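[1] Starting from these lines, generate the structure:
(chains A and B)
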Amino acid sequence: MKKLPFKKVLIANRGEIALRVIRAAKELGLATVAVYSDADRDSPHVLLADEAVHIGPAEARLSYLVPEKIFAACAATGADALHPGFGFLSENAEFARACAKAKITFIGPTPDAIDLMGDKLRARSAMKAAGVPTVPGSEGALKSLAEAKQLAAEIGFPVILKAAAGGGGKGMRVANSAAELESFYESVKREAQNYFNDDAVFLERYAKNPHHIEVQILADSHGNVCHLFERECSVQRRHQKVVEEAPAPFLHGHDEVREALFQVAVQGAKRIGYVNAGTMEFVMDGDRNFYFLEMNTRIQVEHPVTEMITGIDIVKEQILIAAGEKLSFTQADLRVNGSAIECRLYAENPHTFLPSPGPVKELVFPGGPFVRVDAAMHSGQVIPLEYDPMIAKLCAWGRNREESLNRMARALAETGVAGCLTNLAFLRRCLSNEIFRRGDYTTGFIKENEANLADPKSLPPGITSEQEFQALLALLASAESRTTLPSQSANWSPNGR
Amino acid sequence: MADRNLVLPSGVTYEVRKCGDGSLEVRVQGKKPAGSVAVKPEISAIDSTTKRIHLSHGNTRKLFWVYTRGSKRVLSWPGGSLELEASDLTEGSAVASGALKPLKLTMPGKVLSVKVKEGDIVEPGQGLVIVEAMKMENLLLNERKAKVVKVHVKEGDRLESGSVLITFGAAE
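    Numbering: from 1, shown residues only, chains lettered A, B, ... in the order given. The predicted structure follows:
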């Protein structure tokens, strides 16, 4: 095992990503420290880490988002390295700077790179300068609604309003007309202020239903930059990804486009001197023209699909890069092996896509060959209201896309969650949807196929599935025998409140 | 003559009749019987709110869970889930339909703004209330043309899942 300049990694995050980092660290022989809020006392990451430090109440702004509490946990445990995961403090340059000051190795890019890419407006200019194609839009933050309207009229509707400091699908709205622009302007500004503490917003031409294609980058501190090919994440609702694939089915048979995409992504990363793992996100139109959307300066939720087709443990590489190591491979060593898919299992209403957090009374995960489960929960936990209601990421690999999809569909049918509603039925319908199967789906896929994917009212009258029918019988049977069961007082309440 | 009716989110109503031999006859309302099935459930309680059900019928044996919270039933199985109101499972055969359903919250949230007032005639697709839930602003849209009879909430209210926001009446 390599001797690294740090010994103990604190993971400033929760859920499945905290667990993911703990796993990589353990494989490298490093000690691990978890932090947790009141809501995560029994979460898997707490129980699996060598040490765990309580950092406050469930509200993230009073726990996971407080640098002082994270640093206190480092001091208390002697952690000399820190992995931020995604979300929370992962793209906070000040925090990364404070880590350096405290002599704690931040496992991620430099604070300057975080700053540059975190400001979407500066990021655009930097990428433009690096020869990366960008979407037409405002050059700076919008000063007024009037300016927004004028600009929108010039570049044409629809336009998308975005928080300059935003991300993760929050603080953005698509406006199809001047009237919509007017009604969304204030609300986006307000969301931007509330969630990112910065009400600067800008607008861009909105490519209606583009493909969302992104390139995974790994760069070491010796100037080596490699791409780990692309992912397609076009299955989205509320601008949030639900299903991701690698390689992109939309680029099947278009190797010249893929090569151009990789070249531009590597060029962009080199230009800004990027170090560690990052993702260049692009929108791609129907003619396969692509434009830079943003760069995520952190590990990405959907990184497992890339790991499955390349055999590279991206989180482990992140740690080694932060330790000053050179990449253990060159671009020429990397090959796309087969096809992988990830489905995000959420506690949500499968028809409305609204979060439906609640208790997880029993959890059954899939097994079998080439199936990977990165779970955030185990049986008996309550999904906290305060965080993203993701239960697990389910992944499958196959020698080709057909095999990976069939394997995923099989795995989904094995997965069971008792207690809360999940999007399992939606995911399964998605996997069997003809358009999805053909691999020619855009970010408009869910909306355009809502009738087929989600809306229960569109299901044909009659018994719509054998499983639903049986489930009903089960319910009836349980209702029949109600008197013989323990009392059914509703004694559960979210987070014990 | 059904012993019970069960209305699904899809709008389909099942009629269920108990037969003398303990089996259940299930049919879609107004249609031929979907089948008369001998159901043999084995039920065990996980806790006071949740039951695990192994169901044998025909040559199949499957696992289901039923979770109870107040009037809600979350029914799940490997591969899916379904939410029902206890009132969806009614005694007898009369099912009210066509009534204007109140606007309810399907998750806990905070009211950011109310876009309508009592007496307003609202059109399908019109925005009614903006609610912040799970860190997102959600504009709740009206479904059917109706008159706003009562607005039960105001800006700043923090609400539990299931709270009634607006009740409607016929739009004349």
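[2] I'd assumed A:Asn452 was in a strand, is it?
    No - when classified by DSSP: H, G, I helix; E, B strand; the rest coil, A:Asn452 is found to be helix rather than part of a strand.
[3] contacting residues for the residue lying closest to it once chain neighbours are set aside?
    Sequence neighbours aside, A:Asn433 is the residue nearest to A:Asn452 in space, at 6.2 Å (criterion: Cβ to Cβ, 6 or more residues apart in numbering or on different chains). C-beta coordinates here come from the backbone N, C-alpha and C atoms, glycine included. Each residue near A:Asn433 by Cβ atoms under 8 Å, 6 or more residues apart in numbering or on different chains is listed here: A:Asn449, A:Asn452, A:Leu453.
[4] Need the worst-confidence member of the residues you listed.
    Least confident entry in those, by pLDDT: A:Asn452, with 80.
[5] how near is B:Gly119 to chain A?
    B:Gly119 sits at a distance of 23 Å from chain A (criterion: Cβ to the nearest Cβ, to the nearest Å).
[6] give me phi/psi at that residue?
    When read as degrees, to the nearest 10, the backbone of B:Gly119 gives phi 100, psi -20.
[7] Just list the residues touching it, thanks.
    Residues B:Lys147, B:Val148 are the ones in contact with B:Gly119 under the rule Cβ under 8 Å, 6+ apart.
[8] Go again with 10 Å.
    Under the criterion of Cβ atoms under 10 Å, 6 or more residues apart in numbering or on different chains, the contact list for B:Gly119 reads B:Lys147, B:Val148, B:Val149, B:Lys150, B:Val151.
[9] Widest-spaced pair of these?
    Maximum pairwise distance in the contacts of B:Gly119, criterion Cβ to Cβ, is 12.0 Å, between B:Lys147 and B:Val151.
[10] ok, these two, which is more surrounded?
    B:Val151 (19 against 15; other Cβ atoms under 10 Å in any protein chain shown).
[11] hang on, the more buried one packs against B:Val122?
    No - checked against Cβ atoms under 10 Å, the pair B:Val151 and B:Val122 is beyond contact range at 11.2 Å.
[12] shared neighbours of the two, anything?
    Common neighbours of B:Val151 and B:Val122 (criterion: Cβ under 10 Å, 6+ apart): B:Leu103, B:Lys115, B:Val116, B:Leu128, B:Ile166.
[13] Take the residues you listed and keep only those in strands.
    The members of those that map onto strands under DSSP state E are B:Leu103, B:Leu128, B:Ile166.
[14] OK, contacts around the first one?
    Taking Cβ under 10 Å, 6+ apart as the criterion, B:Leu103 is in contact with B:116, B:122, B:128-129, B:140-143, B:146, B:148, B:151-153, B:163-168.
[15] which stretches of chain B aren't confidently modelled?
    Counting by pLDDT under 70, the ranges of chain B that qualify are B:1-14, B:16-41, B:57-58, B:86-100, B:134-135, B:172.
[16] switch the cut-off to 50
    Regions of chain B meeting the criterion pLDDT under 50 cover residues B:1, B:91-98.
[17] Could you do chain A as well?
    Confidence mapping of chain A against pLDDT under 50 gives the ranges A:457-464, A:480-497.
[18] Near chain B, which residues of the stretch 151-300 of chain A are found?
    Residues of the stretch 151-300 of chain A lying close to chain B by Cβ under 10 Å from any Cβ of the partner chain are A:168-171, A:173, A:183-184, A:187-188, A:190-191, A:194-195, A:238-240.
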